[in-house]
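Asker: can't give you the sequence, but here's the structure:
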């Protein structure tokens with residue numbers, strides 16, 4: 001709304017402005033009252049004078065006071081002015097309507113019926129005005145009246161609604177119908193469900209199929225607001241068919257508007273409608289022939305996916321997204337459903353546990369797509385015993401993956417063929433099968449040769465070689481298993497040899513290995529450890545020793561299991577699905593429709609930037625936390641590869657977006673995934689451009705708070721890196737660092753704070769920019785308080801002495817002034833008790849009273865008068881430096897600088913007698 005000051009013109013000061021009236025306003029008008037002056041100029045021929053009358057109506061109402069007749073006369077004059085032929089006057093009058101209405105509401109005893117009798121009819125009349133600007137102003141005024149509840153809904157229903165319905169009728173002008181449907185949409189949230197459903201809903205549905213494109217576009221633009229008002233039932237029954245029609249509109253502008261409001265429409269629908277119907281409609285928009293429609297659709301893809309979030313499925317609740325709630329969720333709440341991704345494509349092989357030793361919780365897959373798998377959150381340990389379950393091969397020849405098990409034999413007494421596809425190896429000494437003995441570092445280099453003849457394994461040769469760097473020895477072991485065509489097997493075990501002429505009785509035990517088929521090229525495998533499952537290629541035959549049975553599991557997709565017992569089953573999933581295409585990843589969850597998630601995963605495709613939007617990857621990164629929240633922690637591996645790709649994007653804006661949301665993503669994913677997947681990203685962002693690093697810096701304390709203390713402490717030494725920026729003039733970077741250090745002090749021990757944070761705080765206190773120094777003063781004060789409350793007297797004294805040495809004794813006056821400001825912060829925040837402050841800091845502070853620089857003495861005067869003198873301890877005889885304090889205060893009160901004398905005078909609430917202070 002326009003304000004009177006907005007129209008004032010800075011003209012010649014020597015001219016008599018006459019309160020804006022140009023038609024002979026002079027001394028003779030001084031004798032006129034407000035109402036007479038209004039009557040004189042309301043019909044003036046000068047348009048500007050009539051505008052000033054409209055602008056001054058509120059002042060006129062206030063000037064007439066409590067006279068009810070005069071107030072009514074002003075309102076009558078306002079009604080007459082509303083019929084002015086000039087549109088600028090009518091528009092100016094309508095801009096004053098909300099202010100006049102608010103005044104009438106405040107003085108309801110004088111203006112009991114003013115709103116319904118004078119103001120609201122005038123607004124309604126202007127809704128159908130011939131001038132477009134007047135109509136726009138009246139619509140805005142009506143919305144303000146509704147927002148501020150200056151008019152009753154019943155009055156609006158009686159006087160306004162029927163006018164809007166008439167304007168939206170097919171017989172009305174196109175512009176009027178377009179404005180009417182827009183006003184109808186904006187009024188609906190203010191009027192409520194009842195009025196909207198009874199009076200607006202049917203007309204709105206009719207206008208969604210209006211032959212005029214602009215009307216349909218406005219309907220599509222405001223579709224979400226109407227849906228949120230009328231509720232789910234009316235939306236699905238009446239509005240969704242119209243929405244489907246608009247999504248297939250022949251004009252791309254209407255389809256684009258539908259894409260932009262898709263999220264709000266989805267929120268108003270039931271989950272089954274959202275999944276079965278809206279998802280397919282949105283996919284059509286993603287594939288629209290218009291680039292502008294596709295651009296809007298991809299921008300809204302992430303928000304639309306977020307509407308599928310279900311806490312009952314993911315186990316994530318919005319109110320619990322805090323570090324404390326995360327820990328509670330990890331310990332007490334088991335996620336209801338997990339990803340079907342890895343489990344649905346695998347056959348359930350085995351589940352081995354040992355209650356007395358290291359436990360194992362291998363994730364097992366389901367044999368059918370209808371069976372739900374339980375959530376596995378325990379870590380993978382290497383088993384000491386195992387049991388074998390039959391592999392469930394479905395009738396449709398679907399492949400199933402075997403969880404790996406490891407077997408070993410110290411002594412092999414015999415080898416017998418127990419069935420057609422397996423060779424049973426009898427183990428004489430099960431106790432020798434011990435992970436601590438045989439599967440610790442150093443890891444062996446395994447070389448396996450295996451022939452298949454008619455599907456039967458023959459001539460199995462396994463050799464292992466391990467280097468002991470400490471003893472500078474190399475150990476090797478070999479095993480040969482020969483199987484003839486009659487099924488009779490015989491085994492040869494080569495002795496364990498040592499290149500240094502020493503012999504290891506235990507040797508190196510082989511548990512599982514990948515075997516190349518005859519005639520095929522050998523596989524190149526890097527970083528193979530003793531507990532890795534070899535044979536990741538589908539053209540390889542694989543031999544596994546399972547509970548003493550050598551089996552050919554070449555038809556199975558062998559998984560990868562690391563020997564580190566701290567890794568969880570989710571990490572195995574991440575490793576296996578890092579290179580799966582988008583369609584396969586999208587199929588491996590059932591929370592978000594596959595087509596939507598597949599399109600979201602494809603937003604990083606370089607071709608999208610050329611065919612859709614160059615900023616599409618930034619929109620993908622911006623919405624990623626919402627998508628991660630929707631999928632839940634157990635489905636993180638589905639978008640993990642996408643996240644890694646985005647963190648390596650060449651556009652710094654994309655990486656910047658991810659940096660700003662890293663702390664939120666860490667809260668959503670939990671501690672385990674954060675340490676495995678987000679910490680490496682954090683390390684990379686810390687070395688990135690300043691535009692990216694600022695995103696990490698702004699939430700650095702929040703991020704470190706989510707890490708365990710061991711990982712968190714690694715970043716102490718890296719805080720110093722934030723002091724180096726690409727542009728040394730980027731002082732706001734250092735300002736943010738100082739603010740974050742205040743929060744970081746609470747996350748580390750006093751010794752770590754003293755060792756790593758204090759040097760940075762001292763450097764920031766000497767910064768060239770005043771804003772940085774001010775925050776650094778607070779930082780030093782907080783550190784002193786933390787060290788003192790923790791009982792670290794030595795560290796506290798060390799810091800205090802450093803502050804005195806660096807600032808109080810500084811040769812530059814700015815350093816000495818810094819010392820006085822630090823002391824002021826210490827006193828303001830009660831970082832030290834008065835007795836400790838008087839003992840350690842007050843002598844050096846009082847010494848500044850003899851400083852030659854007025855700015856230093858001025859700051860000292862502020863500290864003494866505002867922080868020290870008001871405290872009873874300093875003004876009493878218990879203060880050992882009481883005499884020095886009084887002497888310094890006298891000197892400052894008689895200082896030659898006027899400002900110093902001003903701040904040193906009139907100390908508040910002191911016990912110092914009047915004869916001890918010298919008045920100015």
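Answerer: Thanks, I have it. Predicted model only: the values in this text are computed from it and were never measured. Numbers count the residues shown, from 1 in each chain.

Asker: any low-confidence regions in the protein?
Answerer: Within the chain, the segments meeting pLDDT under 70 span 1-31, 315-444, 450-458, 466-475, 481-579, 906-920.

Asker: and with 50 instead?
Answerer: Low-confidence segments of the chain (pLDDT under 50): 1-26, 320-440, 488-490, 492-577, 909-920.

Asker: domain map for it?
Answerer: Domains of the chain are assigned by the TED database as 34-275, 445-482.

Asker: include mean neighbour count when you put the ones you listed into JSON lines, please.
Answerer: The C-beta positions use only the backbone N, C-alpha and C, and glycine is treated the same way. JSON lines is the format used below for those (neighbours: other Cβ atoms under 10 Å):
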{"stretch": "domain 34-275", "mean neighbour count": "18"}
{"stretch": "domain 445-482", "mean neighbour count": "16"}
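
Asker: CSV for these, including distance to residue 787?
Answerer: Below are the domains of the chain laid out as CSV (distance: least, Cβ to Cβ, whole Å):
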stretch, distance to residue 787
domain 34-275, 50
domain 445-482, 44
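
Asker: so which of those gets nearest residue 674?
Answerer: Proximity to residue 674 (Cβ to Cβ) singles out domain 34-275 among the domains of the chain, at 27.7 Å.

Asker: got the end-to-end distance for that closest one?
Answerer: The stretch domain 34-275 measures 66 Å between its terminal residues, going by Cα to Cα, to the nearest Å.

Asker: cool, and stretch 718-730?
Answerer: Stretch 718-730 has an end-to-end distance of 19 Å (Cα to Cα).

Asker: thinking again about what came up before, quick one: which of the domains of the chain is nearest residue 743?
Answerer: Residue 743 lies closest, by Cβ to Cβ, to one member of those: domain 34-275, at 33.7 Å.

Asker: ok, back up a step: tell me which of the domains of the chain lies nearest to residue 610.
Answerer: Nearest of those to residue 610, taken as Cβ to Cβ: domain 34-275 at 19.2 Å.

Asker: what's the closest of the domains of the chain to residue 603?
Answerer: Between residue 603 and these, the shortest separation by Cβ to Cβ is 14.8 Å, and it involves domain 34-275.

Asker: hmm, back to that, closest one to residue 827 among the domains of the chain?
Answerer: The nearest among those, by Cβ to Cβ, is domain 34-275 at 45.8 Å.

Asker: spatially nearest residue to residue 665, not counting backbone neighbours?
Answerer: For residue 665, ignoring the flanking residues on the chain, the nearest one in space by Cβ to Cβ, 6 or more residues apart in numbering is residue 625 at 5.0 Å.

Asker: likewise residue 611?
Answerer: Closest to residue 611 by Cβ to Cβ, 6+ apart is residue 291, at 7.1 Å.

Asker: distance of the one you found relative to residue 674?
Answerer: Distance, residue 291 to residue 674, using Cβ to Cβ, to the nearest Å: 38 Å.

Asker: between these two, which is the more surrounded one?
Answerer: Taking other Cβ atoms under 10 Å, residue 291 and residue 674 do not tie; residue 674 has more neighbours (24 against 12).

Asker: can you pull the contacts of that one?
Answerer: Contacts for residue 674 (Cβ atoms under 8 Å, 6 or more residues apart in numbering) come out as 666, 706-707.

Asker: do residue 241 as well
Answerer: If you count contacts by Cβ under 8 Å, 6+ apart, residue 241 has none.

Asker: surely it is in a helix?
Answerer: Yes. Looking at residue 241 with DSSP: H, G, I helix; E, B strand; the rest coil, it is inside a helix.

Asker: the residue nearest to residue 665 reaches residue 661, doesn't it?
Answerer: Yes. Using Cβ atoms under 8 Å, residue 625 is in contact with residue 661, at 5.0 Å.

Asker: helices of the stretch 651-800 of the chain, start to end?
Answerer: Along the stretch 651-800 of the chain, counting by DSSP state H, counting those that start in this stretch, helices occupy 652-660, 662-673, 679-686, 690-698, 700-705, 709-713, 731-744, 750-752, 758-765, 770-789, 793-803.

Asker: make a markdown table out of these and add distance to residue 219 and mean neighbour count.
Answerer: Listed next are the helices of the stretch 651-800 of the chain as a markdown table, based on distance: least, Cβ to Cβ, whole Å; neighbours: other Cβ atoms under 10 Å:
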| stretch | distance to residue 219 | mean neighbour count |
| --- | --- | --- |
| helix 652-660 | 33 | 21 |
| helix 662-673 | 35 | 22 |
| helix 679-686 | 43 | 17 |
| helix 690-698 | 39 | 20 |
| helix 700-705 | 43 | 21 |
| helix 709-713 | 53 | 13 |
| helix 731-744 | 45 | 21 |
| helix 750-752 | 61 | 15 |
| helix 758-765 | 56 | 20 |
| helix 770-789 | 50 | 21 |
| helix 793-803 | 66 | 17 |
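
Asker: now the ones you listed in CSV, with distance to residue 126?
Answerer: Below are those laid out as CSV (distance: least, Cβ to Cβ, whole Å):
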stretch, distance to residue 126
helix 652-660, 45
helix 662-673, 47
helix 679-686, 55
helix 690-698, 48
helix 700-705, 51
helix 709-713, 63
helix 731-744, 48
helix 750-752, 68
helix 758-765, 59
helix 770-789, 49
helix 793-803, 68
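
Asker: of all these, which one is nearest residue 167?
Answerer: The closest of the helices of the stretch 651-800 of the chain to residue 167 is helix 652-660. By Cβ to Cβ, the value is 43.5 Å.

Asker: that closest one packs against which elements?
Answerer: On a contact count with 3 or more Cβ pairs under 8 Å, 6 or more residues apart in numbering; DSSP states H and E, helix 652-660 meets helix 616-631, helix 636-647, helix 679-686, helix 690-698.

Asker: mind redoing it with 6 Å?
Answerer: helix 616-631, helix 636-647, helix 690-698 (3 or more Cβ pairs under 6 Å, 6 or more residues apart in numbering; DSSP states H and E).

Asker: ranking those by burial, who's on top?
Answerer: Stretch with highest mean neighbour count among the helices and strands packed on helix 652-660: helix 616-631 (a mean of 23; mean count of other Cβ atoms under 10 Å).

Asker: neighbouring contacts of it?
Answerer: 298-299, 302, 305-306, 308-309, 591, 603-604, 608-609, 646, 649, 653-654, 657-658, 661, 664-665, 668 (Cβ atoms under 6 Å, 6 or more residues apart in numbering).

Asker: all the strands of this protein, residue numbers only.
Answerer: Counting by DSSP state E, the chain has strands at residues 412-417, 422-427, 445-453, 456-468, 473-483, 489-498, 512-515, 541-546, 549-552.
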